[in-house]
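1. pasting a predicted model and its sequence here:
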Amino acid sequence: MILVLVILLIITVLVGCSSDGGDDDNGSLTGESYIEFDITGPIINGDFRISASNEKDEYTNTHIVGLVGNLQSTEGQIRMVGLGYRGFATAGEVREVILNLPAEKKAMALGTQVSGPNYTSNDEAIFDIEFAFFKSEYTLYDPNGDGSSDLTSGILMSESVTVTITDYAEEDTGFGISSVSHMKGSFQGMGYFLAVQTGIAELEKVAHTINGEFEYHKAP
């Protein structure tokens with residue numbers, strides 16, 4: 001999961017941010033790139049949106065990237081798309097969603113509790129969705145009442161989420177390198193934050209429901 005985040009940062013200069021425009025006949029549509037989602041649980045509650053146009057001026061700026069490539073997994077070589085949606089606020093805060101998805105149109109379950117292709121290096125699930133939020137959006141999770149948060153990190157991880165990819169297209173950019181030109185889909189299911197309480201060795205999963213939709217368009 002961390003590896004994919006690093007790759008997304010590296011290829012920021014190589015793959016397009018989203019843009020506005022019209023349609024064509026190949027599924028490689030141009031238009032608004034965005035993700036909108038709602039989260040319900042004891043730590044995060046609310047509706048959120050990150051878009052290329054930043055139409056409500058909610059962020060100082062937004063950045064949306066996409067990549068596609070082949071990975072070696074526990075089930076052999078697979079083709080994966082990584083989408084990154086970031087909304088930046090003042091003081092360096094970032095609201096972010098990372099989606100690691102198969103490079104095809106399909107409906108599937110993904111997450112840490114779903115069987116599927118894993119990384120050969122650490123046996124973690126390859127296909128997943130992760131969310132991060134502004135500091136002000138986290139409700140203090142302190143079941144032991146010691147006045148401090150029991151979260152081990154601010155990342156909401158997908159546990160069992162159904163994703164439906166309704167459109168997917170990629171294009172050859174030359175030298176045998178492909179890029180994502182369009183991807184669209186929706187997701188719903190359960191995710192969790194990890195927490196630990198003093199004196200209890202086992203990590204606690206703090207469950208949240210997740211619902212949302214996304215679309216990505218490569219910049220012209």
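-> Now that the structure is in, tell me what you want to look at.

2. ranges for the strands of the chain?
-> 34-40, 46-51, 61-73, 76-88, 94-102, 106-110, 128-132, 156-174, 177-195, 204-217 (DSSP state E).

3. dump the C-alpha coordinates for the second one into PDB.
-> Presented in PDB, the C-alpha positions along strand 46-51 are these (Å, rounded to 0.1, in the frame of the first residue of the first chain):
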ATOM      1  CA  GLY A  46     -19.800  13.200   6.500                       C
ATOM      2  CA  ASP A  47     -20.000  13.700   2.700                       C
ATOM      3  CA  PHE A  48     -16.900  14.600   0.800                       C
ATOM      4  CA  ARG A  49     -15.900  15.500  -2.700                       C
ATOM      5  CA  ILE A  50     -12.500  16.100  -4.500                       C
ATOM      6  CA  SER A  51     -12.700  17.300  -8.000                       C
END
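
4. quick one: residues in contact with that strand.
-> 18, 32-39, 56, 58-59, 62, 64, 85-87, 95, 97, 133, 137 (Cβ atoms under 8 Å, 6 or more residues apart in numbering). Just so you know, the C-beta spots here come from the backbone N, C-alpha and C atoms, and that holds for glycine as well.

5. quick one: low-confidence parts of the chain?
-> Across the chain, the ranges flagged by pLDDT under 70 are 1-30, 198.

6. most remote residue from it's center?
-> Gly199 (32.9 Å; Cα atoms, centre = their mean).

7. mind checking how far that one is from Ala52?
-> Distance, Gly199 to Ala52, using Cβ to Cβ, to the nearest Å: 47 Å.

8. got it, and Leu203?
-> The gap separating Leu203 from Ala52 is 36 Å, by Cβ to Cβ.

9. just Phe88 next, same as before
-> 13 Å.

10. more crowded one of those two?
-> When neighbours are counted by other Cβ atoms under 10 Å, Ala52 comes out ahead of the other of Phe88 and Ala52, with 21 against 17.

11. pretty sure Glu137 contacts Ile44?
-> Yes: using Cβ atoms under 8 Å, Glu137 is in contact with Ile44, at 6.2 Å.

12. just the buried ones among the contacts of strand 46-51, please.
-> Buried subset of these (neighbour count, 16 or more other Cβ atoms under 10 Å): 18, 32-37, 39, 59, 62, 64, 85-87, 95, 97, 133, 137.

13. and the most centrally placed residue in the chain, bridged to which residues?
-> In the chain, the residue lying closest to the centroid (Cα atoms, centre = their mean) is Ile98, at 2.2 Å. Applying DSSP bridges to Ile98 gives these bridge partners: Gly84, Glu130.
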